[in-house]
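Participant: how would this look folded up:
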Amino acid sequence: MNSKKTSANTCPIARSLAVLGDSWSILILRDAHAGLTRFDQFRKSLGIAPTILTRRLAMLTEEGLLEKRRYSEHPPREEYVLTEAGRDFLPVLFMIGTWGRQHRGDGKLVRFFDAETGTEIRPVTVDEVTGAKIGTRPIRVVMPNES
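Facilitator: The predicted model follows:
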């Protein structure tokens, strides 16, 4: 998607997909949440070509989801750490995983546990105002110039 066209788009889903609409970017964020920070760690985990990884890391940094930090002066080396926007993407990752477990769940799948309680994480999306689980009630889409 063209970012100039997307910035005029009133749909937050379209705007988000313009940045995160490819699987490599989402998988890089998954690995960053798992504690990976270095180029070689991402490359090894994902089996991604270095040129593609370089472009995705640059884009995620430019878009404010990752931040580059120098961890070695000699030789100069940088790592990629999650920003607040990157950390805020974790619930989205969990919901993608929940959908995948339900609709693409054949075979052995990774499970996620709360590190403090040891209980398996079973995410749901809930409307903060009504407390209703998203998807259980009809929705209405309102354009910005409508009431």
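
Participant: roughly how far apart are the residue with the largest distance to the centre of the chain and Lys68?
Facilitator: Most distant from the centre of the chain: His74, at 32.0 Å, with distances by Cα atoms, centre = their mean. His74 sits at a distance of 18 Å from Lys68 (criterion: Cβ to Cβ, to the nearest Å). Quick note: C-beta positions are derived from backbone N, CA and C, even for glycine.

Participant: same check on Val124?
Facilitator: From Val124 to Lys68 the distance is 35 Å (Cβ to Cβ).

Participant: again, but for Gly21
Facilitator: Counting by Cβ to Cβ - Gly21 and Lys68 are separated by 22 Å.

Participant: ok, residues contacting stretch 123-141?
Facilitator: By Cβ atoms under 8 Å, 6 or more residues apart in numbering, the list of residues contacting stretch 123-141 from outside reads 91, 94-95, 97-98.

Participant: end to end, how far does it reach?
Facilitator: Criterion Cα to Cα, to the nearest Å; first-to-last residue distance in stretch 123-141 is 24 Å.

Participant: could you pull out the strands for the chain?
Facilitator: 66-72, 77-82 (DSSP state E).

Participant: so which of the ones you listed gets nearest Thr117?
Facilitator: strand 77-82 (22.7 Å; Cβ to Cβ).

Participant: can I get stretch 53-69 in CSV? Just the C-alpha atoms.
Facilitator: C-alpha atoms of stretch 53-69 as CSV (Å, rounded to 0.1, in the frame of the first residue of the first chain):
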residue,chain,number,x,y,z
LEU,A,53,15.3,-8.6,7.1
THR,A,54,17.3,-5.4,6.7
ARG,A,55,14.3,-3.7,4.9
ARG,A,56,11.7,-4.9,7.5
LEU,A,57,13.8,-3.9,10.5
ALA,A,58,14.4,-0.4,8.9
MET,A,59,10.6,-0.1,8.2
LEU,A,60,9.7,-1.2,11.8
THR,A,61,12.2,1.3,13.2
GLU,A,62,11.0,4.1,10.9
GLU,A,63,7.4,3.4,11.9
GLY,A,64,8.3,3.5,15.6
LEU,A,65,7.7,-0.1,16.6
LEU,A,66,11.4,-0.9,17.1
GLU,A,67,14.3,1.3,18.2
LYS,A,68,17.9,0.7,17.3
ARG,A,69,20.4,0.8,20.2
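
Participant: lovely, talk soon.
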